[in-house]
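Q: sequence and predicted structure are below.
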There are 12 protein chains.
Amino acid sequence: MANVLVIHGPNLNLLGEREKEIYGEADLVQINSEIKKKALGLGHQIEAFQSNDEGEIVTQIQKAAENYKAIIINPAAFTHYSIAIRDAVAAIKIPVIEVHLSNIYAREEFRQKSIISAVASGVISGFGSQSYLLALEAVNSLIE
Amino acid sequence: MANVLVIHGPNLNLLGEREKEIYGEADLVQINSEIKKKALGLGHQIEAFQSNDEGEIVTQIQKAAENYKAIIINPAAFTHYSIAIRDAVAAIKIPVIEVHLSNIYAREEFRQKSIISAVASGVISGFGSQSYLLALEAVNSLIE
Amino acid sequence: MANVLVIHGPNLNLLGEREKEIYGEADLVQINSEIKKKALGLGHQIEAFQSNDEGEIVTQIQKAAENYKAIIINPAAFTHYSIAIRDAVAAIKIPVIEVHLSNIYAREEFRQKSIISAVASGVISGFGSQSYLLALEAVNSLIE
Amino acid sequence: MANVLVIHGPNLNLLGEREKEIYGEADLVQINSEIKKKALGLGHQIEAFQSNDEGEIVTQIQKAAENYKAIIINPAAFTHYSIAIRDAVAAIKIPVIEVHLSNIYAREEFRQKSIISAVASGVISGFGSQSYLLALEAVNSLIE
Amino acid sequence: MANVLVIHGPNLNLLGEREKEIYGEADLVQINSEIKKKALGLGHQIEAFQSNDEGEIVTQIQKAAENYKAIIINPAAFTHYSIAIRDAVAAIKIPVIEVHLSNIYAREEFRQKSIISAVASGVISGFGSQSYLLALEAVNSLIE
Amino acid sequence: MANVLVIHGPNLNLLGEREKEIYGEADLVQINSEIKKKALGLGHQIEAFQSNDEGEIVTQIQKAAENYKAIIINPAAFTHYSIAIRDAVAAIKIPVIEVHLSNIYAREEFRQKSIISAVASGVISGFGSQSYLLALEAVNSLIE
Amino acid sequence: MANVLVIHGPNLNLLGEREKEIYGEADLVQINSEIKKKALGLGHQIEAFQSNDEGEIVTQIQKAAENYKAIIINPAAFTHYSIAIRDAVAAIKIPVIEVHLSNIYAREEFRQKSIISAVASGVISGFGSQSYLLALEAVNSLIE
Amino acid sequence: MANVLVIHGPNLNLLGEREKEIYGEADLVQINSEIKKKALGLGHQIEAFQSNDEGEIVTQIQKAAENYKAIIINPAAFTHYSIAIRDAVAAIKIPVIEVHLSNIYAREEFRQKSIISAVASGVISGFGSQSYLLALEAVNSLIE
Amino acid sequence: MANVLVIHGPNLNLLGEREKEIYGEADLVQINSEIKKKALGLGHQIEAFQSNDEGEIVTQIQKAAENYKAIIINPAAFTHYSIAIRDAVAAIKIPVIEVHLSNIYAREEFRQKSIISAVASGVISGFGSQSYLLALEAVNSLIE
Amino acid sequence: MANVLVIHGPNLNLLGEREKEIYGEADLVQINSEIKKKALGLGHQIEAFQSNDEGEIVTQIQKAAENYKAIIINPAAFTHYSIAIRDAVAAIKIPVIEVHLSNIYAREEFRQKSIISAVASGVISGFGSQSYLLALEAVNSLIE
Amino acid sequence: MANVLVIHGPNLNLLGEREKEIYGEADLVQINSEIKKKALGLGHQIEAFQSNDEGEIVTQIQKAAENYKAIIINPAAFTHYSIAIRDAVAAIKIPVIEVHLSNIYAREEFRQKSIISAVASGVISGFGSQSYLLALEAVNSLIE
Amino acid sequence: MANVLVIHGPNLNLLGEREKEIYGEADLVQINSEIKKKALGLGHQIEAFQSNDEGEIVTQIQKAAENYKAIIINPAAFTHYSIAIRDAVAAIKIPVIEVHLSNIYAREEFRQKSIISAVASGVISGFGSQSYLLALEAVNSLIE
């Protein structure tokens, strides 16, 4: 049974309150519960945490390599400038899947470029909370 | 039962022969058969076609709106310059999911920008033939 | 009596269905009929065709030089990247007028630059189907 | 009967003397007289003025909103940098048609971008003095 | 008691008529009257003028140095290209405060850069007519 | 009585020691005490904190929405790259005023662009510690 | 005896009529006959075809890999934007030589960059129809 | 005996007061008197005027063609953006010499590019008021 | 005897595990021990710490000014975007030497620009762990 | 019998030693001997020299115009920045053919642009030492 | 009596032969003789030399500081990229005047930027051989 | 005992005279003597030469490969544009260390990019003549 770490980047704790026309109605508790349910069905066990702190996310990614078989990360704002997170993703050996709730390629110019994608295993963007669920599906083929 | 059109862009008919370190070992027949099998399991019926011709792809997208509930498209080379395909995608009302076998964000500079993503429902990139299967999963949530 | 070829570029066959807030309510049949009526009044005879295929449009422009006195072209998406159409326009000796339904200079960044304008006789943009009718007026002064 | 204001931007008072290979043989008096004749035929009454002064043009555009039903403007050099004229055009509610004698898209790099087009009703470029006459035709459909 | 010159740039005479969702409901007379009232409270005496003419604004800035202790300027469209106004501001020795009704940094790309800010004493942007009142407050600390 | 949170970004704890020709003589204690005095006069109650940590600032902005009526933030270095802070500002509903001690538009190229201004209520830059006091004045009109 | 496929891109069927000062006097029939004569002398057998259609050229390149030992291609307008042709060239294993009649590096800015050269075996540009003949010479050393 | 018009652009009326480390100690009266003295020696008769108004300078350039044999212009701030002045210079047939007091190529980035030089007869920059005197020398060879 | 603070930026705790072809075989413990040995020989006493957290590094730099005579910093990923660290370096008065294990100028485009170098005393890049030792040598000449 | 000068640019004297995967196994003596043999067959007589010195190459190009009928030049590193060599090539009247051993368009970004091609008669790139031999073939058609 | 060194850059030895429509009819001997004659009249004694070699020009500039009171240099092609010459000019203390025969601002894009102007005393461009004579005039005011 | 070649680029022979605030007080003789003394201590024997000539430096680098175990080069102005020197450095197999007296990353924009660093073993910048001495230290670890 695979262990998967789910990382939610800055401001994602505001989901369900903030700009719902972009991010949808569900709050983070609901989304995590959807993810857990799906994971169960696929035989994964997930751990989820959210942080507004780049350094903490870097440290979690580093540690994940020992305890998890894969990471699903929504880097949120850090997507576009955190080379530190990019370097952490590149440094570990387990697969890392980048997800986004909204279609970042349809938003402001500066949000259309992810500095992390180049070192991720793959990218899923634009399906709302469904993006996380698809990433769970993808985990299976990547860790076999 | 949903009908889904799968469009493979230029040079994808060479899969399995061409640059296997990037695109994998499977040829297009195998990939289509994988997709069909998965679709069956999800209750979708798929139609797949490949074309090297931009105009033909535009026309198929236009027609799809009448006969299909969703499109899964791998625009291949057209991803980066075909505004005609972008306009066709924007013009129709059924959801269109953009998929890529390789992680386009990890390749040459000019392949890192998709001109189509901004009008797609969502984007899945970098999971090999698995990208198509994830797109099929995504279809359900989009057409409900 | 002058013969004028009217060329409608990709996706213009969807007029009246697609993004009406940008392109207006009229479909292509109505627009062609407006153009024909106006042409009659000005003593022109027009032929109109629409294509989603760049190669076909290039070929039609090449042939037009023998049978028509002028071309009115709405290159649609091809406006922004088809150097092949630009070269065809530059190669023939009859006047070519570029028209656009919407004001392309008020749209997305990538639509504000026409690669074809530099070799056209003139450009008319932003008057809806009226753009074609103004082009017909312009033909007279250009072919005298 | 519609009243239309025709505005000629800087240096257009030199028409007929200056760079005739670009701007043609006719001087401004002749062009204004052509415009007036055409306007009469269409049932418009035009007022024409020329100015080398950006501030004066801004002020005339502002005032036109009260006395005219439409403006035809050839902003000449101001096309490329006068945000003040752009703002005046955007601020008034009557339609403003931008015209150019030469095909600005076929000239120096810095002349290929109009800062005003984005807020104009439409643009007509490259038909010599005919550009003004086509604009008069266009006025009818815009003010109905 | 300090004398302060308030300069309103091009098209600001249209306030209250033009694009109210951006600039607010108040017209220039009301705003000037608000400013005067506030000035009185602070012990300043203000003179206000509006002009659509760059040259006139340059000349007024030059003259202000003799008669006023500070300038509050909303350069409007000139913000983005008038090096002449920039040079006038840089040339005089009294403090010049740049104000904007709207938040220019949240508008079109070309409006996000002020060519004048670099030589102003300070910048206040985005508080509606309140921007002028804050500038009056700021004058005190600058001219002491 | 309004509650206002004042946030000082990284390195502002060095005020009074560091580059005094740019930032002035006053240290942060003095500035906070000036702000508090002014706030008292205006009937506001302020809370001030300084942090070198982006994540902590994001979290404080998120929490402020519950306890304060407005935020005054000097994001210092984060002004130019912290999309996480931008997103936090955009996500909450109370007004956020961006202030700078120095005139950032008169400094190095990379300091002339604020990534936060576009989502702030307004911006005040260049008045030294007075910038904070003006922001306090501005709060009143924004929260009414 | 080697079989070589010669591909002429869009608008090259107009050679001899179009812009002779750039492309020379010879028409495509004459050029093909020159190429055939030269090929005979070198012991090659050539097949030549011209197309205005990107998709058709992609398909021909794909098929050539089975029947020919080398391709000589003048991509004409497609040189500058057809990533689909680039991908086809990169995908096949036989050598592909890119030729141009005119010196593309001495023409408009947008013609100075070939998107295909990076995957071609070599490039010959600027020798008129002689460019094809030199390419035939080059074939020998490449296919040995 | 040649008649030469000397045009001083915006803010040059402040010479001797403004930024003396850049522009020198002499005021405009002194400089004009130097120029007149030098002109006398060379057998020229000069007329000098200064304006802060772009439109007025355009108009003076247009008129100069009738009454003067050459123009010496220091366009000051207008050097960098006034296409209207550039067009006026290009439109007239008498030689126009562009002069600058300071070495504009050693100043801010935006001052290093003159939009007018391309249509001037020649450029003299960086010799203080001596720049005007050298231009007077140059006039002789240009009008012979 | 000089006290020197050595700061290792994000992900450097993974040295010896991560991308050894770029960063070498030694882990951070070994490198710190090499540095300490070298320092001893030169009469310096060093303190070393590593952090993935930008805010913590900023704070340490600020404090170092009181307890250390120099800082040797390998900012790792922060090299390229942390203006906060740059500001901290610029704010303190002791010398700061920037070091890199790999030659950053030979890596990805975005790693070739250091935002910190401009305010560092000097830069040493590309000598593996030797870079730190050279920096120790350099400290002597800088703090004398 | 034609005389042809062959110029080898900087570092080409290292051929056969340096980066053989890019430039091939042959050293310059071998290449010159191949060229001479081929020249003999075509009835040309060649002179070959290599220089690391830009000034010397400029001087040789200037002199060649008197003694040779054509130049074949591989400018090596100078390809990308020597405007002096470009000017020498443009100044003489005999044809100059630019050759490259490697396909420069497939190498680093800065090697993909030749500053010399625009003034050369033609360009041959990517055929190894064969590039020189093809250039010899081309000479015939150029000097007739 | 002042000693002035005149430096002619690469390819200027071809004057009178090369592209006369740009550089005029006079050859370098005639120009030097004109310069000497003028110098005599002004009480200067000149030394002139021409070189195609950047290193030699750098060395001559360095030495000139001992034997000459000023340098007049036409850097020709080196104008646009020789930072070595720029550094030599910046390093010496005597005035250096940059001259150009043609108006470089009216030529190709890459010729419109001089890398040397920023460190020259002044620039004179576009007056043919007269440019050198004006520079001689300028010398007087600079060396007093 | 290692032999090390020290190369000083253009204008470095002026050290001690030129811009001392940037390059320090020591002249080249003093610096060479410092280097020799340090080398002796480390068991290296150095040879030093200075040249203003790019071609000569290229040739010396090529030859060094036979007689020296390492090169220390301060390319001065050539740092920023000499691809010829870059290619020479890349072509030889002994280590090459790039040094700079000043911190080039803190100077003009065009001096912040070294075209040579990407092929050097390492870079040391900003420690005055100490930069050379540190490079000598570095040599040991590189040639072992």
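A: That came through, no problem. Note that this is a predicted model, so its numbers are computed, not measured.

Q: these two touch, right, A:Leu134 and B:Ile124?
A: Yes: the criterion here is C-beta atoms under 8 Å, and A:Leu134 meets it with B:Ile124 at 7.0 Å. In this view, the C-beta of every residue, glycine as well, is placed from N, C-alpha and C.

Q: between these two, tell me which one has more neighbours.
A: Comparing A:Leu134 with B:Ile124 by other C-beta atoms under 10 Å in any protein chain shown, the one with more neighbours is B:Ile124, at 30 against 25.

Q: residues contacting the residue in chain A positioned nearest to chain C?
A: Chain C sits closest to A:Glu109 of chain A, with a gap of 8.9 Å, by C-beta to the nearest C-beta. For A:Glu109, the contact set (C-beta atoms under 8 Å, 6 or more residues apart in numbering or on different chains) is empty.

Q: quick check, pLDDT for it.
A: On the pLDDT scale, A:Glu109 is placed at 89.

Q: for chain A, list the residues in contact with chain J, please.
A: Counting by C-beta under 8 Å from any C-beta of the partner chain, no residue of chain A lies close to chain J.

Q: all helices for chain A, in order.
A: In chain A, the segments counted as helices under DSSP state H are A:20-23, A:28-42, A:54-67, A:83-91, A:130-143.

Q: still on that earlier bit, mind listing the shared neighbours of A:Leu134 and B:Ile124?
A: Shared contacts of A:Leu134 and B:Ile124 (C-beta under 8 Å, 6+ apart): A:124, B:134, B:138.

Q: about what we covered before: okay if I get the helices of chain A as a markdown table plus mean pLDDT and distance to K:Val58?
A: Putting the helices of chain A into a markdown table (pLDDT from 0 to 100; distance: least, C-beta to C-beta, whole Å) gives the following:
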| stretch | mean pLDDT | distance to K:Val58 |
| --- | --- | --- |
| helix A:20-23 | 72 | 59 |
| helix A:28-42 | 95 | 65 |
| helix A:54-67 | 95 | 48 |
| helix A:83-91 | 96 | 40 |
| helix A:130-143 | 92 | 59 |
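
Q: return the member of the shared contacts of A:Leu134 and B:Ile124 nearest to chain I.
A: Using C-beta to the nearest C-beta, A:Ile124 is the member of the shared contacts of A:Leu134 and B:Ile124 that lies nearest chain I, at 23.9 Å.

Q: gap between the closest one and A:Val139?
A: Applying C-beta to C-beta, to the nearest Å, the value for A:Ile124 to A:Val139 is 11 Å.

Q: name the residues contacting each of the two.
A: Joint contacts of A:Ile124 and A:Val139 (C-beta under 8 Å, 6+ apart) are A:Ile97.

Q: picking that back up, name the nearest of the shared contacts of A:Leu134 and B:Ile124 relative to E:Ile116.
A: Using C-beta to C-beta, A:Ile124 comes nearest to E:Ile116 of the shared contacts of A:Leu134 and B:Ile124, at 45.7 Å.

Q: residue contacts, that closest one?
A: Per C-beta under 8 Å, 6+ apart, neighbours of A:Ile124: A:97-100, A:131, A:134-135, A:138, B:122-125, B:134.

Q: just the buried ones from these?
A: The neighbour count (16 or more other C-beta atoms under 10 Å in any protein chain shown) marks A:97-100, A:131, A:134-135, A:138, B:122-125, B:134 as buried among those.

Q: model confidence over stretch A:11-19, on average?
A: Rounded mean pLDDT across stretch A:11-19 is 86.

Q: same thing with stretch A:96-106?
A: Here the average pLDDT along stretch A:96-106 is 93.

Q: what about that stretch, near chain B?
A: Yes: Stretch A:96-106 reaches chain B (C-beta under 8 Å from any C-beta) through A:103, A:105-106.

Q: nearest to chain E: which residue in chain A?
A: Counting by C-beta to the nearest C-beta, chain A gets nearest to chain E through A:Glu109 (8.9 Å).

Q: residue at max distance from the center of chain A?
A: A:Glu109 (21.2 Å; C-alpha atoms, centre = their mean).

Q: ok, and the closest non-adjacent residue to the spatially most central residue of chain A?
A: Centroid check for chain A by C-alpha atoms, centre = their mean gives A:Ile73 as the closest residue, at 1.9 Å. Spatially, and ignoring its direct neighbours in sequence, A:Ile73 is nearest to A:Ile7 (4.3 Å; C-beta to C-beta, 6 or more residues apart in numbering or on different chains).

Q: now A:Ala48
A: For A:Ala48, the closest residue by C-beta to C-beta, 6+ apart turns out to be A:Val6, at 4.1 Å.

Q: which residues does that neighbour bridge with?
A: For A:Val6, the beta-bridge partners under DSSP bridges are A:Ala48, A:Ile72.

Q: what is the neighbour count of A:Val4?
A: Counted with other C-beta under 10 Å, A:Val4 comes out at 25.

Q: ok, it to A:Ala138 distance?
A: 11 Å.

Q: now do A:Ser102
A: In this structure, A:Ser102 and A:Ala138 are 19 Å apart, going by C-beta to C-beta.

Q: list the contacts of the residue lying closest to A:Glu54 once chain neighbours are set aside.
A: For A:Glu54, ignoring the flanking residues on the chain, the nearest one in space by C-beta to C-beta, 6+ apart is A:Ser82 at 5.5 Å. By C-beta under 8 Å, 6+ apart, A:Ser82 lies in contact with A:54, A:57, A:75, A:115-116, I:77.

Q: I'd say A:Gln60 and A:Phe49 touch.
A: Yes: A:Gln60 lies in contact with A:Phe49 (C-beta under 8 Å); the separation is 6.8 Å.

Q: tell me, how many residues neighbour the closest residue to A:Gly9 other than its chain neighbours?
A: Nearest residue to A:Gly9, sequence neighbours excluded (C-beta to C-beta, 6+ apart): A:Ala76, at 3.3 Å. Burial of A:Ala76 is recorded as 22 neighbouring residues (other C-beta under 10 Å).

Q: A:Ala76 and A:Asn13 touch, don't they?
A: No: counting by C-beta under 8 Å, A:Ala76 stays clear of A:Asn13, with 10.1 Å between them.

Q: closest to chain D out of the shared contacts of A:Leu134 and B:Ile124?
A: So of the shared contacts of A:Leu134 and B:Ile124, ranked by how close each gets to chain D (C-beta to the nearest C-beta), first place is A:Ile124, at 35.6 Å.

Q: beta partners of the closest one?
A: Beta-bridge partners, per DSSP bridges, of A:Ile124: A:Val99, B:Ile124.

Q: next, the nearest residue to A:Val58 once chain neighbours are set aside: phi, psi?
A: Take A:Val58 and drop its neighbours on the chain: the residue closest to it by C-beta to C-beta, 6+ apart is I:Asn52, 4.0 Å away. I:Asn52 adopts backbone torsions of phi -90, psi 0, taken as degrees, to the nearest 10.

Q: pretty sure I:Asn52 sits against I:Asn11.
A: Yes: I:Asn52 lies in contact with I:Asn11 (C-beta under 8 Å); the separation is 6.9 Å.

Q: pull up the overlap in contacts between those two.
A: A:58, A:62, A:84, A:88.

Q: show me what contacts the closest residue to the second one other than its chain neighbours?
A: If you skip the residues right next to it in sequence, A:Gln62 has A:Ala88 as its closest partner in space, 5.8 Å away by C-beta to C-beta, 6+ apart. The contact partners of A:Ala88, by C-beta under 8 Å, 6+ apart, come to A:57-58, A:61-62, I:10-11, I:52.
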